[in-house]
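>>> Can you look at this prediction? I've put the sequence above it.
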Amino acid sequence: MTLQNIPLIILGTARSHGNTRQIVDELMKEQTCELVDLNEWHFSYYDYEHRNKEDDFLKLVEKMLQHDTLLFASPIYWYSMSAVMKTFFDRLSDLLTIRKALGRQLRGKTMLVLSCSEDAEDYDCFAKPFELSADYLGMHYAGYFHTWIEDGEVPPESRQTLKRLKATLADLGISEA
């Protein structure tokens, strides 16, 4: 199996080993994936003058381009993605300005979204920025999957959501671990 056929999970959370990571780890028990924790990369906010072009952002994009399927995993903070994930998405603007050729390589790739919270309540608004970004970048948006943790454990309903996510990956031609 080449990297292209292995989904890349991009984890963006304030706690690298919190609830969202617990959900990602649960998925990775049965699904071969590569994991990138945005907290381990050094990149800053979007800058119109591009003074930050030497940080890790472009290296991270080059890593993303090795994969055909990208799964963005974030907790729900104030009905939205985490701050580090938002910073990462803002930096995608670099791919529309100073690195257009790199940005064009995202076309045709597949994006999925995985959220985690402390309860079953889901917010349609959470996934919209991902969906619209995928469309703008010419990516295939393959769905949004909401999970949660109860009393430190992955509840049965979240396990079912992970099964649906794995089925979606299988429909995309990606085999399990």
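Cool, got the structure.
>>> quick one, helices of the chain?
19-28, 57-64, 83-91, 94-97, 100-104, 124-137, 156-171 (DSSP state H).
>>> pLDDT averaged over the fifth one - what is it?
In this model, helix 100-104 has a mean pLDDT of 93.
>>> The last one too?
Confidence over helix 156-171, taken as the mean pLDDT, stands at 96.
>>> Who are the packing partners of it?
helix 19-28, strand 110-117, strand 140-148 (3 or more Cβ pairs under 8 Å, 6 or more residues apart in numbering; DSSP states H and E). Any C-beta I mention is one placed from the backbone N, CA and C, and that applies to glycine too.
>>> didn't residue 21 look like it was pressed against residue 9?
No: applying Cβ atoms under 8 Å as the test, residue 21 and residue 9 come out as separate, 9.9 Å apart.
>>> more crowded one of these two?
With neighbours defined as other Cβ atoms under 10 Å, residue 21 and residue 9 compare such that residue 9 has more, 23 against 19.
>>> so what's that one up against?
By Cβ atoms under 8 Å, 6 or more residues apart in numbering, the contact set of residue 9 is 24, 27-28, 33-36, 71, 73, 114.
>>> can you tell me how far the residue lying closest to residue 14 once chain neighbours are set aside sits from residue 20?
With Cβ to Cβ, 6 or more residues apart in numbering as the criterion, residue 14 has its nearest non-adjacent residue at 6.1 Å, and that residue is residue 82. According to Cβ to Cβ, to the nearest Å, residue 82 and residue 20 sit 8 Å apart.
>>> Model confidence for residue 18, exactly?
Value for residue 18, per-residue pLDDT: 96.
>>> Show me what the nearest residue to it once chain neighbours are set aside bridges to in the sheet.
Leaving aside its sequence neighbours, residue 18 sits nearest to residue 75 (Cβ to Cβ, 6+ apart; 7.1 Å). Beta-bridge pairing for residue 75 (DSSP bridges): residue 116.
>>> re earlier: in a markdown table: the helices and strands packed on helix 156-171, plus distance to residue 161.
Below are these laid out as a markdown table (distance: least, Cβ to Cβ, whole Å):
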| stretch | distance to residue 161 |
| --- | --- |
| helix 19-28 | 9 |
| strand 110-117 | 9 |
| strand 140-148 | 5 |
